[in-house]
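Asker: No sequence on hand, only this structure:
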């Protein structure tokens, strides 16, 4: 991957906005590796992602940002610029099931997911050895049923997130519902994989529900977590074919592949700054 | 397609049932073109479909059925046998949208759907010319909003179904909800295409709902109609990929292809006697 | 569809090219409905497609083009601008099989394919009635095996293409190989659907070859025709699953759906000026 | 998974063969968990797979086989019966790339692949630690370019296969071509994953070839190895969508997911005795 700066913008749409931003980039010598736009026809919001070759710029990253701030203010932009070399700190949470965690760790180790994984947190001990083999700290944070104990568990998770300065939290089949205040503290930073094709089968036991309904496709959904369970902005979805021969356990097994693939794809979009949240939907510049 | 008899059976599972049925078929000289079984692990029901070469049989169709009745009674079978040359009578109902109707009529005309289409019924006039070009009678049955007028419309539809001796009714994007008594009169004979991936987006305007939710796949579902709206046994489902660039109208357009394909596939299964309804689910021997 | 002008550009890549073009568009008041870029990493060629709201422009279509010519020359651009209201003239060629032709005609009639179809040409008579029902002239141009008769047939086809001022020629399962001089006269204007997943099974009888090889997926490929058989730039491909139960005829039947879908998609890209040919490959701004 | 015996049969087709086999099974008290048949319309060969509940049988595994031999001889059957508890011995060969190996080992460890993995062999050292973490012996067998050294390497591999009494050899992106005598010694036992949609892009560097050709889908093919490179019977294939934005390295990355999935699926069919080789094709009872 070439070293790049990603300039991501949201603002009210107006004539000439692309010209203004791209002229500014060109004035700093910036060569565009990729550029994408979208205007939401309902809200009239304009979204833009520019991937600029880092070595092409004649000014520093900080100088670029400082000067761009003038344009940003003039056009009421929400914006950020990220250095592709500045790796995200991604904390992974898992429970007993290993497939999503193993998949993400393998992609990370192979260099296919550009991020750091400062630690893995789980409410079970069974995945410790796998995580530690990757030289990643493993934190066991048990989750009791009692509200106080549970609150203590989430306080510990929050402490770990802060300690490791995580900017992204991935629920890799973590089977606990995050409390609203934790969700609120990390908006658009917590990514979940739900094991159904949302909005079908919200909540617990989606494969059992899919089996009972007799659907011919099962699915998985990667979404940002909000305090509204399974209702956050969707990053990615996919499906797999099933039939009468498949019982609930078969669906669980077939679903694992879909879940791992969909979570990895959603996380990749997030890590490459390809996602802009637009209300309760996502713009994804893939 | 080779001339065949399709023997379709449902009964409580028991050891030796396959042997008994296949021995009986072999004793009549029957050569199996295809044979499939399934046992429902929950209900313990056994399902079987045998496709027997017609010319291989040493007895007549009627004699075969008469003799098989002895086995059927001994094993509490629900069963039927159908001659593949005995074409089903399929009445198509449509509203304003043409894509599913045009697709089915083209498949029928090309010989890819083995059935007769004795008539098409619509609550709009716009598809008359297309239907009549195929030399198929077109019946305009208007649907007013007033309950009495609507009831009269459905009474006329029922009369036409009986007049044409239809055994299958296909709702090819027919935008009226069938009254419960009509559904009850034709169990497992009315096939609908719903323009969403059920159970997501039950009811009206599924593409608007899909757009509002920001899903990344849209779908279509072919199902038998019961008096529980959009809840009948599912025959087939499929999906198409969408993204932030697609507005509701794009989804409608992309959905047309999925709807036509899924309805044609579901109807094909039905016409080839590949479907057995098992509670609110389907066993499909494809 | 909103009335728009599509400005499509290819030129050597350089810093500031996006800024220059989008500034020019903004200066004319142009509001961007969609904009896409790509730089070929091998050839260093830059490709751009701008879809500009027609009503937003403060100058005429012709004035815009005249003034843009200055920029175009300064940057060695190959370019064109097309009015979305200026419908393409698409001549369809078919042989005996109806599925692709019926599919395209239905999409055209429903308003989903934005083009005119001035005539259909076939070397068989069997599709005349279908075409004429659509009020489209049907020309029967027989194709004998003798070289002279064949040459005369293609001369007649060429004459019809010119007579109807066609700018696009679609081979909708037309089973004759176009002579090289005809291919050369209409570069990037002749679109073919090949009934295999190219480069697998080039040439005749691909389904038989697929059956013989025992592949688990069959496919179809939509490509521009060049004088190198089945080797032109690919617009679209897709596949369908097959297995040991499917004989060659089943593959033919299943393949029809894929062929019709892939051809319609490829043609749509072409009609919306979303395709730029880059050597023997395509850039597709979808 | 319920404990079962799998009776797999190939013989010339004849009337009553299903009845005869299923009657025999029923006479031994055998309850069928699954049963599938297929007749090859070209060769006239009949193929059958019966999965029999082990605990339902009133005779021993050996007694069943001994008695079945009488039927088998009378009908010129090639056949075998396998105990589902008798785990296959699967030796994995890999080179430098880890994705297929990591995927298979994770499935094996999770209990989703029912087999033993007695050892992994590689011509590189880089995957040793991953393999040994799974408590599986890792054998480094270097492959020099010189014919003698290479022959010595394959002799060592053959020795290891025999030492570990492997019955299945999986080439999990093993980048060496097996010598013909080794292929011949293990017919239908060596499974390879080829990183293209065969028969497209046979041989080396398929992703580069796919990039150069401008295909819109890349694929992977799992097949039994014969001494005809990339021409053996195909077990499974799948594809992933690509476009002009993807360079060769992107295709390599996207292809990894397809390769791992396709290889795991092909191996699963093999391990569950769902595959019968029919000439150069496969019958797969899925």
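Answerer: Yes, it's here. What you see is a predicted model, and the numbers here were worked out from it, not measured in a lab.
Asker: What segments of chain A are strands?
Answerer: Using DSSP state E, the strands of chain A run over A:4-12, A:32-39, A:45-53, A:78-83, A:88-94, A:115-116, A:120-122, A:138-140, A:168-171, A:190-194, A:217-224, A:234-241, A:275-278, A:281-284.
Asker: List, one by one, the residues from the stretch 51-200 of chain A near chain B.
Answerer: Applying the criterion CB under 8 Å from any CB of the partner chain, the portion of the stretch 51-200 of chain A that neighbours chain B consists of A:197-200. Every residue, glycine included, has its C-beta placed from N, CA and C.
Asker: hang on, the earlier thing: where among the strands of chain A is average confidence lowest?
Answerer: For the strands of chain A, the bottom mean pLDDT is recorded on strand A:32-39, which sits at a mean of 93.
Asker: residues in contact with it?
Answerer: Counting by CB atoms under 8 Å, 6 or more residues apart in numbering or on different chains, strand A:32-39 makes contact with A:2, A:4, A:13, A:18, A:22, A:25, A:45-53, A:283, A:285, B:244-245, C:18, C:32-37, C:39, D:245, all of which sit outside it.
Asker: How about the residue of the stretch 151-286 of chain A found nearest chain C: which residues does it bridge to?
Answerer: For the stretch 151-286 of chain A, the residue closest to chain C is residue A:241, as judged by CB to the nearest CB, at 8.7 Å. Going by DSSP bridges, residue A:241 is paired in beta bridges with residue A:217.
Asker: Make sure it is actually in contact with residue A:250.
Answerer: No. With contact defined as CB atoms under 8 Å, residue A:241 does not reach residue A:250; the gap is 11.6 Å.
Asker: The two: which is more packed in?
Answerer: For residue A:241 versus residue A:250, the count of surrounding residues by other CB atoms under 10 Å in any protein chain shown is larger for residue A:250: 15 against 12.
Asker: Read off the pLDDT value for that one.
Answerer: In the prediction, the pLDDT value recorded for residue A:250 is 96.
Asker: same check, this time on the one 4 residues further on
Answerer: We have a pLDDT of 97 for residue A:254.
Asker: what number of residues lie near it?
Answerer: Number of residues near residue A:254 (other CB under 10 Å) recorded here: 16.
Asker: Enumerate every residue touching the nearest residue to it once chain neighbours are set aside.
Answerer: Take residue A:254 and drop its neighbours on the chain: the residue closest to it by CB to CB, 6 or more residues apart in numbering or on different chains is residue A:240, 5.1 Å away. Residues in contact with residue A:240 (CB under 8 Å, 6+ apart) are A:217-219, A:254-255, A:257-258.
Asker: Look up how far chain D lies from residue A:240.
Answerer: Taking CB to the nearest CB, to the nearest Å as the measure, residue A:240 falls 10 Å from chain D.
Asker: outside of stretch A:143-151, which residues touch it?
Answerer: Surrounding stretch A:143-151, the residues in contact under the criterion CB under 8 Å, 6+ apart are A:123, A:142, A:153, A:176, A:179.
Asker: burial measure for the second one, as a count.
Answerer: By that I understand residue A:142. 13.
Asker: Contact partners for it?
Answerer: If you count contacts by CB under 8 Å, 6+ apart, residue A:142 has them with A:123, A:149, A:153.
Asker: what does the first one give?
Answerer: Counting by CB under 8 Å, 6+ apart, residue A:123 touches A:95, A:140-143, A:153, A:174-176.
Asker: re earlier: farthest pair within the residues of the stretch 51-200 of chain A next to chain B?
Answerer: When CB to CB is used, the two most widely separated members of those are A:197 and A:199, lying 8.3 Å apart.
Asker: Compare the two (neighbour count), which wins?
Answerer: Under the criterion of other CB under 10 Å, the comparison of residue A:197 against residue A:199 puts residue A:197 first, with 30 against 20.
Asker: Out of the contacts of residue A:123, which end up buried?
Answerer: A:95, A:141, A:143, A:153, A:174 (16 or more other CB atoms under 10 Å in any protein chain shown).
Asker: Apart from its neighbours in sequence, what residue is nearest the third one?
Answerer: Residue nearest to residue A:143 in three dimensions, not counting chain neighbours: residue A:123, with 4.2 Å by CB to CB, 6+ apart.
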